[in-house]
Each structure stands twice: as structure tokens, then as C-alpha cells.
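Trainee: with the sequence up front, the predicted model follows.
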Amino acid sequence: MGSSRQGLVLGCCVLLAIAWGPVLSLVPRGQQDELEWEEKEALPSPPDHEKRDEETQEKYSPSQGKDLPTSRCYRCCEPSTPVYQTIPAPQINITILKGEKGDRGDRGLQGKYGKTGSTGARGHIGPKGQKGSMGAPGDRCKSHYAAFSVGRKKPLHSSDYFQPVVFDTQFVNLYKHFSMFTGKFFCYVPGIYFFSLNVHTWNQKETYLHIMKNQEEVVILYAQVSDRSIMQSQSLMLELQEQDEVWVRLFKGERENAIFSDEFDTYITFSGYLVKPASEP
């Protein structure tokens, strides 16, 4: 009885191999593994020979071959239906791509002024600038200063009836108001002036000079003939208007008129300066 059952089981296995061979060839590898696993679970020892025979015939009848899974085997070389899962193409985030520069927008409203910051530290002293160019000369009439002091180193004898005294040495000549060529002081600033004349007489000769305002004799400096030479002086104050001239004139009288000086010492001087301009109260 045991040997007949073993022979029957062996026959069933052969029939199963013959029946499932064509079907397994049509099922993919993954489904074949599932079917083999189900087959193992579905092959417990049947309680009797007749029941197993009926189940086998009922389970693997030819009519049931039409209800088999419709899975089909794909060729590896078929390009339209690949076996392996295709990798999706990478997606590009368009939002991160830099586009062209757009037009400038409208200017916004001005914001509120911030608080005033603290005063910074003092900077370094900059380099000294270049000297500027000389400015235009000012109006001489508006000058409030005038002064001169001149001398003569050469003696002078009168040869004409009137002879201006010309000076050859300049001590002070502010703003060039005194002309060394003519020997005359020209008034540019109206006001009160002080003048002083100093001369040295000549032995046995007369000394006769005038301090002139324009063409008018104002004061005289005189020394009689003497055996000894002496120093003589004369001074005065004059109120001058603009363009007035003050100068010294040598006058020839009945006797020879002369003043003495030499190249080593200055014996003859003529000076003047502004005491008070007319513009001041």
C-alpha cells in the first residue's frame, strides 16, 4: 500500500512537470518564483489518492489554461518595451535661471532723515598751498598813509633865477608819492601833512631857499654870508588837497647862493608825512 502511494505521488509530479513546463516558459522570472512558492505551499500530502486525482484534474485541466495570467515575456532587445525601469530625465528649475535685466523702476519716496551723528576726529593739516597771483592795484585816493624822506649828496650852486632842488638819495618813499626825477611830492591823500627841510650853508656864500606849494612860496630858509658854515632847518604843516605838489626851490638873489654836501655824508634832507587824512572826522 505504501509503495503504490509513492508511485502515485511520483506520477503526479511528472504530470505537473509536463503540464507546467510550457506555462513557466511564458511567465516572467518574478512571477515564476511566485508560482513556485505557491506550488510549494499548495503541495501538502493529500489524504487519499482519489481526492488528489480530482483536484489535480480540476486544477490543471486544459480549459483552465485560457484563464492563466496574461503576463508575457519581453525581449531584451526590443527598444520600445525595455525590461529595466527607465530613469526619469533630470528636471531643471527654471526659476533659478538668470534672465535679462529689466527696465529701471520708478523712484520711491524719500525716507526720513536719520539722527545726526557725532562729530568726527579732526583731520590732519593739509599741505600749504601755492602763493596766489598779485591782485590789481587799489585806488590810490583811498590810501590813508603817505610819507617820504629823501637826501642830496652833491652840493648845489644857483645858476638860474629859480632852480628846483633834486634829490639823489631815497630813505623812505611810501607808495612812490615822491618823484625822484622832478624832486616834488604829489598829494594822493588829502589831509594835513608835516614837512621838514635841513641844509648846510657854504662859507662866504648866501643860502636862500623856499618850500613851495604848487607855484606858491610858503616858507623861506635863509642864512647870511658867514665865515663859518652851519646847519639850517625849516619845518611846517600844510593842509593839502588831492594833486597838490610840495617841493624845494633855490633862489638867486644879489649874492651867490649855494648849499653844501659831499659824497661821504648827506647834509641836505627833505621829509614829509601825513598827519591826519581828510576822510577822518
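Mentor: Great, that's in hand.

Trainee: helix or strand right after the helix or strand bottoming out on mean pLDDT in the chain?
Mentor: Lowest by mean pLDDT, DSSP states H and E among the helices and strands of the chain is helix 49-59, with a mean of 48. As assigned by DSSP states H and E, the chain's next helix or strand after helix 49-59 is strand 147-152.

Trainee: other residues contacting that following strand?
Mentor: Applying C-beta atoms under 8 Å, 6 or more residues apart in numbering, the set of residues contacting strand 147-152 from outside is 165-174, 177-178, 180, 185, 261, 266-274. Any C-beta I mention is one placed from the backbone N, CA and C, and that applies to glycine too.

Trainee: for the stretch 151-281 of the chain, which segments are assigned as strands?
Mentor: Assigned by DSSP state E, counting those that start in this stretch, the stretch 151-281 of the chain shows strands spanning 156-157, 162-164, 169-173, 178-179, 184-186, 191-200, 207-213, 216-223, 231-240, 245-251, 258-259, 268-277.

Trainee: got those as JSON lines, with mean neighbour count columns?
Mentor: Compiled in JSON lines, the strands of the stretch 151-281 of the chain are given as follows (neighbours: other C-beta atoms under 10 Å):
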{"stretch": "strand 156-157", "mean neighbour count": "16"}
{"stretch": "strand 162-164", "mean neighbour count": "14"}
{"stretch": "strand 169-173", "mean neighbour count": "13"}
{"stretch": "strand 178-179", "mean neighbour count": "20"}
{"stretch": "strand 184-186", "mean neighbour count": "20"}
{"stretch": "strand 191-200", "mean neighbour count": "19"}
{"stretch": "strand 207-213", "mean neighbour count": "22"}
{"stretch": "strand 216-223", "mean neighbour count": "14"}
{"stretch": "strand 231-240", "mean neighbour count": "15"}
{"stretch": "strand 245-251", "mean neighbour count": "20"}
{"stretch": "strand 258-259", "mean neighbour count": "24"}
{"stretch": "strand 268-277", "mean neighbour count": "19"}
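
Trainee: let me have these in a markdown table, extended by mean pLDDT and distance to Lys131.
Mentor: Listed next are these as a markdown table, based on pLDDT from 0 to 100; distance: least, C-beta to C-beta, whole Å:
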| stretch | mean pLDDT | distance to Lys131 |
| --- | --- | --- |
| strand 156-157 | 86 | 45 |
| strand 162-164 | 87 | 42 |
| strand 169-173 | 95 | 26 |
| strand 178-179 | 95 | 30 |
| strand 184-186 | 96 | 32 |
| strand 191-200 | 96 | 34 |
| strand 207-213 | 93 | 43 |
| strand 216-223 | 92 | 46 |
| strand 231-240 | 95 | 37 |
| strand 245-251 | 92 | 37 |
| strand 258-259 | 88 | 46 |
| strand 268-277 | 95 | 31 |
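
Trainee: so who does Val248 touch?
Mentor: Here Val248 is in contact with 164-165, 183, 197, 209-212, 270 (C-beta under 8 Å, 6+ apart).
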